[in-house]
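1. Build the 3D model from these lines:
(chains A and B)
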Amino acid sequence: MASVRQHSFDVLIVGGGPAGMAASSTAAAHGHKVAIVDDNPSLGGQIWRGRSFSSASKRAADKTAAAWYRKVQNAQITHLSGLRVFDSAQAGVLLAESQDGPNSQYGQWELHYRKLILATGAQERFLPFPGWTLRNVLGAGALQSMVKSGLPVAGKRIVVAGSGPLLLAVAAYMRAHGAQVVEICEQASMGQLAAFAFGLLASPERILQGMQYKLQLLGTPYRTGCWPVAAYGTQRLETVVLSDGRRTREIPCDYFACGFHLVPNVELPALLGCHLKNGFVEVDPLQQTSVPDIYCVGEPTGIGGLEQALVEGEIAGLASTGRVEQAQPLQRERKKMQSFTERLEKAFALRPELRRLPDAQTIVCRCEDVTFSQVREYASWRAVKLHTRCGMGPCQGRICGTAGEFLLGWNANSVRPPILPVRFQTMAVAPAIQEIKSQNG
Amino acid sequence: MSSSYDAIILGAGIVGAACALECARGGMRIAVVEGDVVGGGATAAGMGHIVIMDDSMAQLELTRYSQLLWAELAPELPEDTEYETTGTIWVAADQQEMEEVYRKQAVYGQQGIVTKVLDRPALRKMEPNLHPGLAGGLLVPSDAVLYPPCAARYLLEQAVRHDAVVVPKKAVRIGNGRVELNDGAILESQRIVNATGTAASDLTADLPMRKRKGHLVITDRAPGFVRHQLVELGYLRSAGSSTADSVAFNVQPRKTGQMLIGSSRQYDADHKEVDRSMLVRMLQRVQQYLPGIADLSVIRTWTGFRASTPDKLPLIGPYSDDPTIFLATGHEGLGITTSLATAKLLMNYFTGSRSAIPLEPYLPSRILLEAQHA
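-> Sure, this is the predicted structure:
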């Protein structure tokens, strides 16, 4: 039987990436009881986790990271690691699950909050194409995580393709781990990217970042206006086929790292009733969502990258603890960044040709083995789910739903608890909410 | 502009779809009005248990008749309907409930329904994951399961093959042979069948129906964990109660290897959000019967509303106030099972032909008259 634990905080932050770290360390500055909850054992999110940063580093980006880690360490913050938030019991109470022992021992956590800051990050967008379910065809970020946890890639031939700045970071990371990055394919056109790069002149920090990647990737072709159309192999991946719209090339490789930019993780905000606009959480200049006492920061409010995440985290940290005036200069900074976010979105906008990637037999929903021909006739996400089971598996449509939004114009934002699979025994624990109320009163 | 039909079926849930097919197959010119997803209402929230129930003799007759109709239809159902004759085991917790097993067997036997009493070892052999302390059960081998939204879609597709027309709109007003749609268009027919489930009251005033909320839970795949639909004998008590909120152990193996879990019953809970306290009660009940389920994963929970009537029987047939309006609603938790029989009874009524079972127990007048006289 799962045990239940209750904790109460002034400010609770969901997500331990840069935005969550900035929010928690800022909120904790004035003696507020602050906690950060994340399903990973360590802080840092997808971008910082598993790396070490030194403030003595010459790289400005490393210095920034080191500074935030130090801030978090020095602040009074309860770090609830390895906890998966799966539901909201009522306004002011989140439910999370932890694995407490090796043998199916699970615990339910009731996390009470006065203010909640959602820093749930983003995930890669996957688009289905023939062969994308083959072994060793992976998301770019997914391959990076696997290498971080020990997958050896030294000497392996890797093709990196899809869209977005993440491709460069992943390619550089693979190179650093001894892989042979055969080429990098960005679906966006040179024209689109050039317009974006011009805008970057205003931001030396980012140019430096770009140059570092460039140096690390010396000798690896970076092709724009190029995208994957198929992957082949009998048992596992053998070749990928890339196209520029006029001709195709077949390239042998061991791994294919493929992701199409990022989609925000908005399941928890949606479950809590936060208003979404174009798939992102709507926030006011103080990062407040449409739901009182709930703030949102980082990628769920717009794919803006690291710096915007940090500033938004700080603003929410201040606003949630009543220091609205201190947030004003940061708000001006954030406003400037917003044009970067908009340019980023334009630069990596998906080309319409990608809608023709899947053929009739291509699996769209990996959980339930649903093919493209089964889903394309339906008008709505709900109809697809009910009649084909697409999106009804353990991933709850996180992959096929976001792909379908682009491919078929579905509005795949229906959220039902639990937002991720949770043990039966955890779900079956009676809420103890009454108890804590009587203690307080 | 208006269009005229032999019958207009409002609602393409499983009941509406079945009625459309039966009438269209009988040569009638049919329009089906459905503004939402086919089988997206109570049909999508039903477990899809094709079950014989004996709350009353009329319920037993209707469920039995309809189950036979499903068995006849089964060979032509497409793969995604997931029709499977799993059988039901009514699980007895103790010796007192074993008495109920024997009573139930006798009642079913009188109707020619084959059942088998399971003692403790027999139950254990059939369902090793059930709690070893359970006393036994009654196996009803003819009970089946299916996936309701796809079954509704199939029935509607067949109706369309028989020239039924699907009108993807919402009816806003009905009466005197006219159906007014949300875009202002008018459809005309002397037979307007309100098969809109819990929404039936929006179109037809003063129906003696209440919404009864239910919760459902589905697990990740664990093929073979249970093999029959398992229902506690106390289920009938839970379903039959007209007042208190109740939960009952009710677990169904899906063809996918997942387990679909019910059931809860709540009156007058209008919001569709999952009610945590009901959910927890339901899951704890399931854990008492299937302790090993604790380690499986829950991947989704959702709710739905049943259209319930005071005597637990559906409303099938003419509605006394308006000779052009007919009802096919109020099926509570048995709409999937009894949809096919509902369609047959309605069609028999339209054609004046003899029905396989008497229609009288399900005629709306039985309750409407009572309500008017009260």
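2. from here on, contacts and neighbour counts on C-alpha atoms
-> Will do.
3. pLDDT value on residue 191, please?
-> Because you didn't say which chain, this covers chain A. At A:G191, the model reports a pLDDT of 83.
4. The intended chain is chain B.
-> The model reports B:R191 with a pLDDT of 97.
5. Please list all residues in contact with it.
-> B:D6, B:A7, B:I8, B:G177, B:T324, B:I325, B:F326 (Cα atoms under 8 Å, 6 or more residues apart in numbering or on different chains).
6. mind redoing it with 6 Å?
-> The neighbours of B:R191, taking Cα atoms under 6 Å, 6 or more residues apart in numbering or on different chains as the test, are B:A7, B:T324.
7. What degree of burial does B:E79 show, as a neighbour count?
-> As a burial measure, B:E79 scores 9 neighbours (other Cα atoms under 10 Å in any protein chain shown).
8. Torsion angles phi and psi at it?
-> phi -50, psi -40 (degrees, to the nearest 10).
9. again with the one 10 residues further on
-> Note on B:I89: backbone dihedrals following degrees, to the nearest 10 are phi -110, psi 120.
10. quick one: it from B:D119, how far?
-> Separation of B:I89 from B:D119 (Cα to Cα, to the nearest Å) stands at 12 Å.
11. out of the two, which sits in the busier spot?
-> B:I89 (27 against 16).
12. what pairs with the residue lying closest to the more buried one once chain neighbours are set aside across the strands?
-> Distance criterion Cα to Cα, 6 or more residues apart in numbering or on different chains; nearest residue to B:I89, sequence neighbours excluded, is B:L139 at 4.4 Å. According to DSSP bridges, the partner residues bridging B:L139 are B:I89, B:K116.
13. Now for B:L139: which residues touch it?
-> Contact analysis of B:L139 by Cα under 6 Å, 6+ apart lists B:T88, B:I89, B:T115, B:K116.
14. ok, now which ones touch the third one?
-> Read that as B:T115. B:L139, B:V140.
15. same thing but at 7 Å, please
-> By Cα atoms under 7 Å, 6 or more residues apart in numbering or on different chains, the contact set of B:T115 is B:Q105, B:L138, B:L139, B:V140, B:P141.
16. Okay, domains of chain A per the record?
-> Per the record, chain A has its domains at A:3-123+A:263-346, A:126-260, A:352-408, by automatic domain parsing.
17. For chain B, find the nearest of these.
-> Nearest of the domains of chain A to chain B, taken as Cα to the nearest Cα: domain A:352-408 at 5.6 Å.
18. which residues of the stretch 251-400 of chain A fall in strands?
-> Assigned by DSSP state E, counting those that start in this stretch, the stretch 251-400 of chain A shows strands spanning A:255-260, A:262-264, A:276-277, A:280-281, A:294-296, A:363-365, A:370-371.
19. Burial-wise, tell me which of the ones you listed comes out on top.
-> strand A:294-296 (a mean of 29; mean count of other Cα atoms under 10 Å in any protein chain shown).
20. what's next to it, contact-wise?
-> A:K115, A:L116, A:I117, A:L118, A:A119, A:V283, A:Q287, A:Q288, A:T289, A:A316.
21. Which member of those is positioned nearest B:V298?
-> Closest approach between these and B:V298, by Cα to Cα: A:L118, at 23.9 Å.
22. Got phi/psi on the closest one?
-> When read as degrees, to the nearest 10, the backbone of A:L118 gives phi -90, psi 120.
23. Hmm, A:V11 and it touching each other?
-> No: counting by Cα atoms under 7 Å, A:L118 stays clear of A:V11, with 10.6 Å between them.
24. State the distance from whichever residue of the stretch 51-200 of chain B sits closest to chain A to A:H387.
-> Residue of the stretch 51-200 of chain B nearest chain A, by Cα to the nearest Cα: B:C150 (5.6 Å). Distance, B:C150 to A:H387, using Cα to Cα: 6 Å.
25. any residues in contact with both of those two?
-> The overlap between the contact sets of B:C150 and A:H387 (Cα under 7 Å, 6+ apart) is empty.
26. Count the neighbours of B:L73 for me.
-> B:L73, neighbours per other Cα under 10 Å, totals 11.
27. Look up which helix or strand it falls in, please.
-> Here B:L73 sits within helix B:57-73, counting by DSSP states H and E.
28. From the contact counts, what lies against that helix?
-> Contact analysis of helix B:57-73 by 3 or more Cα pairs under 7 Å, 6 or more residues apart in numbering or on different chains; DSSP states H and E lists helix B:335-351 as its packing neighbours.
29. My reading is that B:M282 lies in a helix. Confirm?
-> Yes: checked against DSSP: H, G, I helix; E, B strand; the rest coil, B:M282 lies within a helix.
30. pLDDT at it, what is it?
-> We have a pLDDT of 96 for B:M282.
31. Name the nearest residue to it, ignoring sequence neighbours.
-> B:V247 is the one closest to B:M282 (Cα to Cα, 6+ apart), at 5.5 Å.
32. The one you found and chain A, how far apart?
-> 13 Å (Cα to the nearest Cα, to the nearest Å).
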